[in-house]
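> build me a model:
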Amino acid sequence: MKMSVKQIFLVCTFLCMNVTLSAQFTHGTTGLLNAPSAEMQDVKTVMIGGNYLNDRLTPKPWDYGTYNYYVNFTVFPFLEIAYTATMFKAKTMHLGWVDPEKFCNQDRYFSARLRVLKEGQLWKHMPAVVVGTSDPYTESGDGQINTTDGNGYFCRFYVAATKHLMVGTERFGISMAYMYNRRTSNRLNGLAAGVTYNPSFAPNFRLMAEYDNINYNIGASYLLWDQFQIQFLMQDMKHLTGGLCYKIHLK
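Modelled structure (predicted):
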């Protein structure tokens, strides 16, 4: 019996349910690839980065590949905030006097993540729990929280849980999250999940697989010199997205 790529992904996910996860760069926050997790950066970590986003990863009105950049700060061990901007082309803005293939504007939004429970806080096998949001508010119109249309393209609210385990010398993880918004496009209302693997022979290298509530994605990241994080994902197993992040640990 032949199995599809998605069926193979699901089998691998369930086989790895006794393992762990981390690092979501598409929103400029800590997490998986395009799905949230309950992992947190070390306190006073600043992340500055940017990414190429393929046209199938972004919501309408983007029907072309674009770029984003972000600044992220873990203020306290339990609180992370981020500012992210995504580039628009002139054809999206309907500016006839500008070359339609030129980037001429940007969509800006804030994200916040609050850790409610640390991993193992109440009992040995308890997962960490984080509540978070990205792009929750837009000033378009009269100003709305969790708007259905207009700006707020990347709006989402979520609660995520993450548990890490060691299998021999190998480090694995698993995360599950419930995501919600009321968007007409980029609608989120349901579960997301993923697994990660940090091999003992290359602890700065991480393999990831996830379901982000819309697509199945695979990817990897590598932390170079403890400061530069290179990352990529294959969205829906086919479409490439990637970026670079610079980490600073303030004293």
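> could you give the mean pLDDT of the longest strand seen in the chain?
Longest strand in the chain by number of residues (criterion: DSSP state E): strand 103-117. Average pLDDT, strand 103-117: 93.
> what residues sit buried inside that strand?
Neighbour counts over strand 103-117 (16 or more other Cβ atoms under 10 Å) mark Asp107, Tyr109, Ser111, Arg113, Arg115 as buried. The C-beta positions use only the backbone N, C-alpha and C, and glycine is treated the same way.
> correct me, but the last one touches Ala38?
Translated: Arg115. Yes. Arg115 lies in contact with Ala38 (Cβ atoms under 8 Å); the separation is 6.9 Å.
> which neighbours do the two share?
Common neighbours of Arg115 and Ala38 (criterion: Cβ atoms under 8 Å, 6 or more residues apart in numbering): Ala128, Val129, Val130.
> next, format those residues as CSV and append neighbour count.
Converted to CSV, the shared contacts of Arg115 and Ala38 look like this (neighbours: other Cβ atoms under 10 Å):
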residue, neighbour count
Ala128, 21
Val129, 17
Val130, 26
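> of these, which belong to strands?
Members of the shared contacts of Arg115 and Ala38 lying in strands (criterion: DSSP E): Ala128, Val129, Val130.
> who's sitting farthest from the centroid in this structure?
Most distant from the centre of the chain: Trp97, at 35.2 Å, with distances by Cα atoms, centre = their mean.
> and what about that one, helix, strand or coil?
Trp97 falls in the coil class when you classify it by DSSP: H, G, I helix; E, B strand; the rest coil.
> name the nearest residue to Ser185, sequence neighbours excluded.
Lys60 (4.3 Å; Cβ to Cβ, 6 or more residues apart in numbering).
> Provide a list of residues in contact with the one you found.
Tyr153, Ser185, Asn186.
> most neighbours of all those, which one?
Of all these, the highest neighbour tally under other Cβ atoms under 10 Å goes to Tyr153, namely 20 neighbours.
> hang on, Gly132 packs against Thr29?
Yes. Look at Gly132 against Thr29 with Cβ under 8 Å: they come within range, at 7.3 Å.
> shared neighbours, these two?
Common neighbours of Gly132 and Thr29 (criterion: Cβ under 8 Å, 6+ apart): Pro36, Ser111, Arg113.
> which residues does the second one bridge with?
Spelled out, it's Ser111. For Ser111, the beta-bridge partners under DSSP bridges are Ala82, Ser134.
> I figured it hits Leu79, correct?
No. Applying Cβ under 8 Å, one finds Ser111 not in contact with Leu79, separated by 11.6 Å.
> secondary structure class for Lys91?
helix.
> need the phi and psi values for the residue lying closest to it once chain neighbours are set aside.
Computed as Cβ to Cβ, 6+ apart, the closest residue to Lys91 that is not its neighbour in sequence is Pro100, at 3.6 Å. Per-residue torsions, Pro100: phi -60, psi -20 (degrees, to the nearest 10).
> kindly state the pLDDT recorded for Pro100?
We note a pLDDT of 76 for Pro100 in this prediction.
> same check on Leu21?
pLDDT, Leu21: 32.
> hey, where'd the helices end up in the chain?
If DSSP state H is used as the criterion, the helices of the chain fall at 5-15, 90-93.
> by mean pLDDT, show me the worst of the ones you listed.
Note on those: helix 5-15 shows the lowest mean pLDDT, a mean of 39.
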